[in-house]
Each structure stands twice: as C-alpha cells, then as structure tokens.
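*Asks:* here's a sequence, model it:
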Amino acid sequence: MDDSPALEAQLQAEIEQLRIQFPRTQELYREVCVLLFFRHGITPTANRLYQLVKKGSMNAPAEALARFWATLRDKSRVRIEHPDLPAELQSATGELAAALWMRAVDTAQGELATAQLEAQRSVADAQAWQTRAEAERDQVRQELTGSAAALDAAQTRITELDQALAISVAAASALQDQLGLAHQGEHQLQRALETARHDFASELDKLRADGTLAQERLKAAENRALLEIDRERQAAARLQKELDTANRKTEQGSARHRDDVQKLQAQVGNLRQQVGVLEGKLDALRTENARYVDEAVQARGQRDQLALSLTQAAAKQKVSTAKRTAKSTTAPRKSSEPVGKSPRTKKL
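*Replies:* Have a look, this model is predicted:
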C-alpha cells in the first residue's frame, strides 16, 4: 500500500468532492470504498475509512464496508453466472472474485484482530480508570461525610436555582406568548399597511382627477374672464365712440356738452368699477387655484395687456376730452345766434 503524502493529498481532495456529492454518511463511505478499491487498488478497511472520512460513529465504516463487499459479491456472481460468457471467462472471473474476497477476508480478519487488541487495551485502561475512580469515590465519600452542612447549603441553593429556573421558564413562556402576539400584530399591521397603501393610491388617483378637473375649470374661468374683459373693452370702445359723438355735439352748446361729458365720465367710472370687480374676481380665482398659476401665466399676461390698454385708452380719453374742452372754450363764436338755434342742433 502506498501511503505517500501525495497519495494522501489526492485521496483527501477526491473525498472532499465526494462529501459535496454524497452528504449522507453511508453513501459517502460506500463511494470512498469504491474509490479506494477500484481507482487506487487499495483494499478498504474500517479504520482506514474512518481515518479518511471521520464522520459518524465507528460502526458506520464497518457497516458500509460490509455492504460494499456484499454488493461486490452479488455483482461478481451475476457476471460469473451470465449465460453469454464463455466457460473459461466465467472460471477466470470466479477465481478473480474469490481471490479478491479472500484478500478482503484476510484484511478484515487482521483488522478484527487489531480491533480486538485495541478493545482489550481499552478494557484494561477502563479497569484501571475504574480502580482510580473507586479510590476517588471513597475519598469523596470521606470528604462528604464532614461536609454535610455544605451539602445542605448546596441543596438549598439547588432548590433556589430550581425555583429561579421555573420562574425563568414561566417568563420565557410568557415572552413566547407575547412574541406570538407581536407576530400576529405585525401581520395585522402589515395587512393594514397594504390596505393603507391601496387606499392612498386610490386617493392619489382621485386627487389627480380632481386636479385635472380643477385645471380645466381654471382654464374655463380664465377664458370667461378674458371674454368679459373683451366685452368690457368693446363697451369702452362704444362709449369712446359715443364720447366722440358727444364731443362733436359740444360745438352746439357748452351746457349740453358739459352734461354729456359728465354722463360719459360717470359711465367711464362705472366701466372702471366693473373692470376692477372683474380683476378682483380674477385675483380670487388666482388665489384659489395657486398651484395652477404656472399654466395660467400666458392668460394673465394677456389680461394685464388688455387692462393696460384700457387704462391707456382712458388716459387718452381724458387728455382728448381736456383738449377738446379747452378748444371749445377758447374758440371765437362764428355767429351771434344762440347755440340752441343752430342748424346742427335742430338736425340732431
């Protein structure tokens, strides 16, 4: 038998691979027997198997080895008794199997004798150890005879420890119950969390839908405001035309001209008040829909431009009215007839 370090290292490496493939003890010993006998030509023994594998009890390699030899005998017998083999081959195979079996039996007997010697030495060691133990027992008995008080104290301490252990066991059981309740609460909280997540997702979808509707409402309100501003601007234009007509009529009489101017100024004041009310409504819409301001910037810019145009138109109207008033006041009269009797006044 070659017991070189290289062979041992190779055997250990191959056995480590077998450990991964065959986690069960008996299967691992069986494969190690196959490895030793067929690959390396080494007759497996119980001690050798245990030294290589070191798993399970001492009986495990012996049982595995017995099964290996039984399997080998059965397989050899099948091959020998096969009807297709020639008689010479059957005889040679039978001799080979017999030789292997005898060699295995001799090795097993040698191992058995070694095991018996080791067992005898173990028995002798056990008897010597028993003798020493009996001597120590007698000595301990003598010591215990003079240590009754210490024994009573120890017994009392043991009782106390037993009581403490019982309390600890009860506390552990209570903690176990609390742990079970905590697990149940955790599961309930997990289900509640899932429900809350689902509800939150539903609410988020609703809020998104509400936001879309609010955005559409804001756009509609902006459009309505712009339409109202446009209508007011048109009304202002009409009033401006009427004011121009009135200014032309002022040439017919300063008294009526002043009355018409006052009426027009009152109408312009009402118009400005209406524009202010519309602007207040628009600001209220802006305040209510603050998160949609970015999307309404363009509409507000247009509204501001229209308001500025109205302001400028009103300012121009004031300047034009002042100029015409001043012109009508300083212009010489072309006729000594009363203003009320002029042809223009009659025509109007």
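
*Asks:* please make it C-alpha for all contacts and neighbour counts, starting now.
*Replies:* OK.

*Asks:* show me where the chain has helices.
*Replies:* Here the chain has its helices, by DSSP state H, at 5-21, 25-34, 46-53, 59-80, 87-145, 148-249, 254-288, 297-330, 343-347.

*Asks:* low-confidence ranges, the stretch 201-348 of the chain, go.
*Replies:* Applying pLDDT under 70 to the stretch 201-348 of the chain picks out residues 225, 246, 250, 257, 261, 275, 293, 296, 329-348.

*Asks:* single out the most deeply packed of the helices of the chain.
*Replies:* Of all the helices of the chain, helix 25-34 carries the top mean neighbour count, a mean of 21, counting by mean count of other Cα atoms under 10 Å.

*Asks:* name the helices or strands packed onto it?
*Replies:* Judged by 3 or more Cα pairs under 8 Å, 6 or more residues apart in numbering; DSSP states H and E, the packing partners of helix 25-34 are helix 5-21, helix 46-53, helix 59-80.

*Asks:* so which of the ones you listed is nearest Glu118?
*Replies:* Nearest to Glu118 among the helices and strands packed on helix 25-34 is helix 46-53; the distance by Cα to Cα comes to 11.7 Å.

*Asks:* and Asp162, how close does it get to Ser173?
*Replies:* 16 Å (Cα to Cα, to the nearest Å).

*Asks:* for Val297, same thing?
*Replies:* From Val297 across to Ser173, the span is 69 Å (Cα to Cα).

*Asks:* repeat for Lys219
*Replies:* From Lys219 to Ser173 the distance is 67 Å (Cα to Cα).

*Asks:* Gln51 now?
*Replies:* For Gln51, the distance to Ser173 (Cα to Cα) stands at 45 Å.

*Asks:* again with Ser202
*Replies:* 43 Å.

*Asks:* now swap in Gln234 and tell me
*Replies:* To Ser173, Gln234 is 88 Å away according to Cα to Cα.

*Asks:* Ala6 too?
*Replies:* According to Cα to Cα, Ala6 stands 57 Å off from Ser173.

*Asks:* cool, and Thr195?
*Replies:* Distance of Thr195 to Ser173, given as Cα to Cα: 33 Å.

*Asks:* do the same with Gly185
*Replies:* Distance of Gly185 to Ser173, given as Cα to Cα: 18 Å.

*Asks:* again with Leu28
*Replies:* Distance of Leu28 to Ser173, computed by Cα to Cα: 42 Å.

*Asks:* okay, now the domains of the chain?
*Replies:* Here the domain parsing of the chain from automatic domain parsing is 5-142, 211-325.

*Asks:* to Leu179, which of these lies closest?
*Replies:* Smallest distance to Leu179 across these (Cα to Cα): 35.6 Å, for domain 5-142.

*Asks:* report the distance from that closest one to the chain centre.
*Replies:* The chain centroid and the centroid of domain 5-142 are separated by 55 Å, computed with Cα atoms, centre = their mean, to the nearest Å.

*Asks:* got the end-to-end distance for that domain?
*Replies:* This stretch, domain 5-142, spans 55 Å end to end (Cα to Cα).
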